[in-house]
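**Student:** Here is the input, now give the coordinates:
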Amino acid sequence: MFDSPLTPKVRAFVDEVTDALTTAISSLPDASSSDARRDVIVEAANLVAACIDADQRHTDAELWAYAATFGVLQDDLALAGAQPRQLRDTNLFSGKATWLHTTTPLFSILLDCDRRTRSEFAMIYYRRALDIFHIVAAIDEVAAAAELDAIGRYRSMLLAAIRTDRPLEELPDPLRPQQPGEAPATPTAALEPDEPARDFEDLLAELDSLIGLTEVKAEVRRVTDLLRVQQLRRERDLPVIDTTLHLVFVGNPGTGKTTVARLLAQIYRSVGALERGQLVETDRSGMVAGFVGQTAPLVVQRFDEADGGMLFIDEAYTLVRGGENDFGREAIDQLVKLIEDRRDRTAVVVAGYPAEMEAFIAANPGLRSRFPKTIVFPDYETDELLAIFESICAKQRYRLDPEAAERLRSIIERAERGRGFGNGRFVRNIFEDAVVRHATRVARIDSPTDDELQIFEADDVGDAPAHPVEAGDATR
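**Tutor:** Next comes the predicted model:
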């Protein structure tokens, strides 16, 4: 019988989701005795058919895998022996991709149980469903762009449903709203090769939870879903295409570039592209020395620190600003050499403003071919900056009263936008100033209540800084 690559992933979905569904149904006051396993097998069959239809190709390899897997699971000998041309003549697949556009009644049962009992059954469905989607995409020699896009949309839909109507403290950790954070000390801690990597879908869920950055997240999902599919193909000794790990990030300060890079390094490790997954941050001062012969060893040192992980070079364009005799050119030459020599060991992300980064890429013929993909990080909209502020407040157990919320919106809307605008860092500065003003006010109150210790009033929020973050600040 045909050895279907789908079977292990589908069986895992059926086994784990059946257990979850059985428990969820038993917790209902009017629990019925429906056959949970049969319902989950039907759910899995619909999911696989929809995944196959995502790119509308319905290839022989995909249809063989479907027949072999579900012919056995559904005890259907006719299906198990069906030929691809016979399956194409049925209505099993055409138009099935629309099944991916909405959540199912079965998923809703798991969600309802999570909300009532604080279980995490919907996350089980989410993880195992995405495993199925990735293995379907891996069956063909090259994953279609339509498949990768469909994976991203389906993932976001499930995660949005899991977040809906759930208090922040009840959400699984990867789903709690994230805001651009201050970077930790360099280098960040790396997992040793024998330590388990974080779950791929948990990392993608954490990416999805970042406030704003819709297009950034879509681009990162395309890159990482392709790597996940390549990993699955490699595990089955199937041919894979070469995929570069190096990226260019462009945008203003505070738009989440470092945060995304840190997640991306861990995602690369989870799909086997990197051994350790740490992020090492540097800039011109960490790569360029003041004397002849000292710059190349400095660049080597940064790569040694990032070995098995990711090197993040902030304001990389400053390496080309010193003229022909500047040692920054030597750093670029050494960078190009090490990117090639360590292409299977270290990923490199370079970051900065759009025009300057274009000049940086043009400074050496070897850079453009090694950095073929650029991801643009736009400035946050007012509502997104408000959400970032509120997320910071929630983590520190503060909240805004209505007048303070209106004052904050006014401050953000009046702030000068453009080059150098601080974005997430801008509102973090407002938060830190508000904490000081709040403390000054509350210190004068005898025996303040819990609410008084936690609530920002309008005067606590104050006025916006007189100028945005300077252009020379690190563009994280």
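
**Student:** need the helices for the stretch 251-400 of the chain, in chain order.
**Tutor:** 257-270, 295-305, 328-341, 354-362, 365-370, 382-396 (DSSP state H, counting those that start in this stretch).

**Student:** can you list those in JSON lines and add mean neighbour count and mean pLDDT?
**Tutor:** (Glycine included, C-beta is placed from N, CA and C.) As requested, the helices of the stretch 251-400 of the chain are exported to JSON lines (neighbours: other C-beta atoms under 10 Å; pLDDT from 0 to 100):
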{"stretch": "helix 257-270", "mean neighbour count": "24", "mean pLDDT": "95"}
{"stretch": "helix 295-305", "mean neighbour count": "18", "mean pLDDT": "95"}
{"stretch": "helix 328-341", "mean neighbour count": "19", "mean pLDDT": "92"}
{"stretch": "helix 354-362", "mean neighbour count": "17", "mean pLDDT": "93"}
{"stretch": "helix 365-370", "mean neighbour count": "14", "mean pLDDT": "92"}
{"stretch": "helix 382-396", "mean neighbour count": "19", "mean pLDDT": "93"}
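
**Student:** now those in TSV, with distance to Met287?
**Tutor:** Formatted as TSV, these follow (distance: least, C-beta to C-beta, whole Å):
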stretch	distance to Met287
helix 257-270	17
helix 295-305	5
helix 328-341	5
helix 354-362	13
helix 365-370	14
helix 382-396	31
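
**Student:** Quick one: closest of the ones you listed to Arg222.
**Tutor:** helix 257-270 (12.3 Å; C-beta to C-beta).

**Student:** how far is the closest one from where the chain is centred?
**Tutor:** 8 Å (C-alpha atoms, centre = their mean, to the nearest Å).

**Student:** Show the secondary-structure elements that that helix is packed against.
**Tutor:** helix 200-208, helix 214-235, strand 247-251, strand 279-282, strand 310-313, strand 347-352 (3 or more C-beta pairs under 8 Å, 6 or more residues apart in numbering; DSSP states H and E).

**Student:** Adjacent strands (with direction) for the third one?
**Tutor:** Applying DSSP bridges, strand 247-251 is found paired with strand 347-352 (parallel), strand 374-377 (parallel).

**Student:** for the shortest one, what is the average pLDDT?
**Tutor:** Same thing as strand 374-377. Strand 374-377 shows a mean pLDDT of 96.

**Student:** For that strand, buried residues please.
**Tutor:** For strand 374-377, a neighbour-count test (16 or more other C-beta atoms under 10 Å) marks Ile375, Phe377 as buried.

**Student:** sorry, back to before: most packed of the helices and strands packed on helix 257-270?
**Tutor:** Burial of these is given as mean neighbour count (mean count of other C-beta atoms under 10 Å); strand 310-313 ranks first at a mean of 28.

**Student:** Okay, domains of the chain per the record?
**Tutor:** Annotated domains of the chain cover 6-175, 200-377, 382-461 [automatic domain parsing].

**Student:** Now do the longest one: distance to the chain's middle.
**Tutor:** Which is domain 200-377. 16 Å.
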